[in-house]
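predicted structure and sequence below. I'll ask about it afterward.
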Amino acid sequence: MSDRTFRCRVVTPAECLLDEPVEYANVPLWDGLMGFQHGRAPIVAKLGVGELKLHFPEATHGGGDRTFFIDGGFAQMSDGDLIILAEHAQSAETIAESDAQAELDAAEKLALSPDASDKAHDADRIRKARERARVRLRIARHSRAKGI
């Protein structure tokens, strides 16, 4: 690896989606986005729902960017390695726009249950389902526009 890159791994409980050198990572944390570059101080952070953007060096895949949908988990930067341990992750190229749209349509139809014992929890569940669906649809549309 060059002095500008660091190893990035994207891992879910089911599989390792990526294990390659990158020059930059823009990571969706629970409280906003955080950028990572070579030489970053060690940190552990909670992931949120959002778009993980990775920039690759010219020597890897001819450079360029790659995007993943991330939903929950943790990120750890330590010893020059970034590990994204996500509860759910999916590469942008595998998200079908029609599936993402159907997911959003279903999430938009969700309603509070009149007999729910914890209405705040129920409302939060609906809000999160809609947010996940919107992010997945945005990623799918952006990928299609780039020709991925």
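In hand now; what should we look at? Remember, it's a predicted structure, so these values are computed and weren't measured experimentally.

what's the least confident helix or strand in the chain by mean pLDDT packed up against?
In the chain, no helix or strand scores lower on mean pLDDT, DSSP states H and E than helix 119-145, which sits at a mean of 92. Here helix 119-145 touches strand 49-56, strand 64-78, helix 97-108, going by 3 or more Cβ pairs under 8 Å, 6 or more residues apart in numbering; DSSP states H and E. Yep, even glycine has a C-beta here, placed from its N, CA and C like the rest.

centroid-wise, who is the farthest residue in this structure?
Within the chain, Asp115 marks the point farthest from the mean C-alpha position, 34.0 Å out by Cα atoms, centre = their mean.

mind checking the SS state of that one?
Here Asp115 is recorded as coil under DSSP: H, G, I helix; E, B strand; the rest coil.

for stretch 17-32, list the C-alpha coordinates in PDB.
Extracted C-alpha coordinates of stretch 17-32, given in PDB (Å, rounded to 0.1, in the frame of the first residue of the first chain):
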ATOM      1  CA  LEU A  17     -18.000  -7.400   1.200                       C
ATOM      2  CA  LEU A  18     -14.700  -5.600   0.700                       C
ATOM      3  CA  ASP A  19     -11.100  -5.900   1.800                       C
ATOM      4  CA  GLU A  20      -9.000  -3.400  -0.200                       C
ATOM      5  CA  PRO A  21      -6.800  -0.400   0.100                       C
ATOM      6  CA  VAL A  22      -8.600   2.900  -0.200                       C
ATOM      7  CA  GLU A  23      -7.500   6.600  -0.200                       C
ATOM      8  CA  TYR A  24     -10.600   8.000   1.500                       C
ATOM      9  CA  ALA A  25     -13.700   6.800   3.200                       C
ATOM     10  CA  ASN A  26     -16.800   8.800   4.000                       C
ATOM     11  CA  VAL A  27     -18.700   6.900   6.700                       C
ATOM     12  CA  PRO A  28     -22.300   7.400   7.800                       C
ATOM     13  CA  LEU A  29     -22.200   7.500  11.600                       C
ATOM     14  CA  TRP A  30     -25.300   7.700  13.900                       C
ATOM     15  CA  ASP A  31     -24.700  11.500  14.300                       C
ATOM     16  CA  GLY A  32     -23.400  12.500  10.900                       C
END
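
buried set for that stretch?
17-18, 20-29 (16 or more other Cβ atoms under 10 Å).

avg pLDDT for it?
Computed over stretch 17-32, the mean pLDDT rounds to 96.
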